[in-house]
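Visitor: give me the fold of what follows.
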Amino acid sequence: MRIAFIGQQDFGRATLDAFLERGDEVVGVFCRPDKPGAKPDVLRVDAEARGLKVFQFDSLTDGQAEEAMRQLAPDLGVMAYVVQFAPQALLNIPKHGTIQYHPSLLPRYRGPSAINWAIARGEAHTGLTIFRPTDGLDEGPVILQKTCDIGPDETLGEVYFNKLFPMGVSALLEAADWVVSGEHQEIVQDEAHAGYEGWFHAGESRINWCNHADDVYNLIRACNPAPGAWTLLEGKKVHIFDSRKHPVRKYGDVLGKPGDIARITETSILINVQGGQIEVLKLKAEDGKKMSAGDYAREQGLVIGHRLH
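Guide: Sure, this is the predicted structure:
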């Protein structure tokens, strides 16, 4: 089939490669323009290295993008990790329309940080959806869905790269075949179960040590590796990555107030929270690099009773 591809970064590149490797013809690749000084988009680099037509429009809503799409005359449009708004007028141009990947079980967790929110809220499973994009964000009819577990200790990076990333690539191939062959069904999303969550940025990723151990631990997992859950320690911003949760069983095990450092080991720092302690294994100071929490404690002269805010 003739594919018009819209995407970016590693997921976009992996999906592009998968379509090409099985013999599909990619007639054009639409990428967001590279930001000055930023790392080049690996999808654009890969597409250009393969000699494919690459389009980098500041906006996909003007006539230039539509004209380019018409000239390509694709059978199907494929959207793989897209942050630019792509209007219905553009997506309807391919002969069989367009399909899009989203890393949640729509209509739940619509929005740009679906995996972060699912982990932060303690979900035990999630999944992916291939759907028909419309002008409403993640609101179009569903073509295909696949589920996966979220392990109790799995991080954002593990859920995405080990599960939703490879599952998403294969699901887009599967859905493309269904759509072009006419064998697919389109199921309207049930708005009664819909939910939308915005970006998971600095405001959402700050740790409140007065929260329950489960909530703090889930937040840290949801932000690892990005954007990194953070806190203030001795007035310095510190991002926390690898950690463990230790429930407290009885009153006598409580060694201070929430946010207090309760213990420092060779490799870690244990911090009090409601219902337990969080053992921090790896962190990153705002002006430094990722390192062992134990090493950081020694470097900074931290002692039991120092408080995080």
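
Visitor: does residue 231 touch residue 209 like I think?
Guide: Yes: between residue 231 and residue 209 there is a contact under CB atoms under 8 Å: 7.2 Å. Heads up, the C-betas are built off the backbone N, CA and C, glycines and all.

Visitor: look at these two and report which has more neighbours.
Guide: For residue 231 versus residue 209, neighbours defined as other CB atoms under 10 Å are more numerous around residue 231 (23 against 19).

Visitor: how about that one, secondary structure?
Guide: The local conformation at residue 231, judged by DSSP: H, G, I helix; E, B strand; the rest coil, is strand.

Visitor: residues of whichever helix or strand residue 13 is part of that come out buried?
Guide: Here residue 13, judged by DSSP states H and E, is contained in helix 9-21. Of the residues in helix 9-21, those buried by neighbour count under the rule 16 or more other CB atoms under 10 Å are 9, 11-20.

Visitor: okay, those in a markdown table with pLDDT and distance to residue 81 next?
Guide: Listed next are these as a markdown table, based on pLDDT from 0 to 100; distance: CB to CB, whole Å:
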| residue | pLDDT | distance to residue 81 |
| --- | --- | --- |
| 9 | 94 | 6 |
| 11 | 96 | 4 |
| 12 | 96 | 5 |
| 13 | 97 | 10 |
| 14 | 97 | 10 |
| 15 | 97 | 8 |
| 16 | 97 | 11 |
| 17 | 97 | 14 |
| 18 | 97 | 14 |
| 19 | 98 | 14 |
| 20 | 97 | 17 |
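
Visitor: identify the residues contacting the strand or helix carrying residue 273?
Guide: If you go by DSSP H and E, residue 273 is part of strand 269-273. Here strand 269-273 makes contact (CB atoms under 8 Å, 6 or more residues apart in numbering) with 209-213, 216, 246, 254-264, 277-280, 293-294, 296-297, 302, 308.

Visitor: now the element after that strand, going C-ward?
Guide: Next along from strand 269-273, by DSSP H and E: strand 276-280.

Visitor: so what secondary structure elements neighbour that next one?
Guide: Applying 3 or more CB pairs under 8 Å, 6 or more residues apart in numbering; DSSP states H and E, one finds that strand 276-280 makes contact with helix 213-222, strand 243-247, strand 269-273.

Visitor: could you list the domains of this protein?
Guide: If you go by automatic domain parsing, the domain ranges for the chain are 2-193, 202-300.

Visitor: what's the least confident stretch among those?
Guide: Sorting the domains of the chain by mean pLDDT places domain 202-300 lowest, at a mean of 93.

Visitor: re the thing from before, just the buried ones from the contacts of strand 269-273?
Guide: 209, 211, 213, 216, 246, 254, 258-262, 264, 277-280, 293-294, 296-297, 302, 308.

Visitor: excluding chain neighbours, what is closest to residue 173?
Guide: Spatially, and ignoring its direct neighbours in sequence, residue 173 is nearest to residue 18 (5.9 Å; CB to CB, 6 or more residues apart in numbering).

Visitor: right, I mislabeled it, should have said residue 16
Guide: Per CB to CB, 6+ apart, closest to residue 16 is residue 5, 5.7 Å.

Visitor: what's the answer for residue 116, then?
Guide: Using CB to CB, 6+ apart and skipping the chain neighbours, the partner closest in space to residue 116 is residue 200 (3.9 Å).

Visitor: quick check: pLDDT value at the one you found.
Guide: If you check residue 200, the pLDDT there is 93.

Visitor: pretty sure it contacts residue 119?
Guide: No: the pair residue 200 and residue 119 fails to qualify as a contact (CB under 8 Å) at a distance of 9.8 Å.

Visitor: which neighbours do those two share?
Guide: By CB under 8 Å, 6+ apart, the residues touching both residue 200 and residue 119 are residue 222.

Visitor: returning to what we had before: what residues are shared contacts of residue 231 and residue 209?
Guide: 308-309.

Visitor: ok, the residue nearest to residue 31 when sequence neighbours are not counted - contacts?
Guide: Of all residues not flanking residue 31 in the chain, residue 44 sits nearest, at 4.6 Å (CB to CB, 6+ apart). Contact partners of residue 44, counting by CB under 8 Å, 6+ apart, are 8, 29, 31, 34, 54, 56.

Visitor: can you pull out the strands in the stretch 151-300 of the chain?
Guide: 229-233, 236-240, 243-247, 261-264, 269-273, 276-280, 282-285, 290-292 (DSSP state E, counting those that start in this stretch).

Visitor: nearest to residue 123, out of these?
Guide: Nearest to residue 123 among the strands of the stretch 151-300 of the chain is strand 243-247 (16.3 Å), distances taken as CB to CB.

Visitor: tell me what the closest one is packed against?
Guide: Using 3+ CB pairs under 8 Å, 6+ apart, strand 243-247 sits against helix 213-222, strand 276-280.
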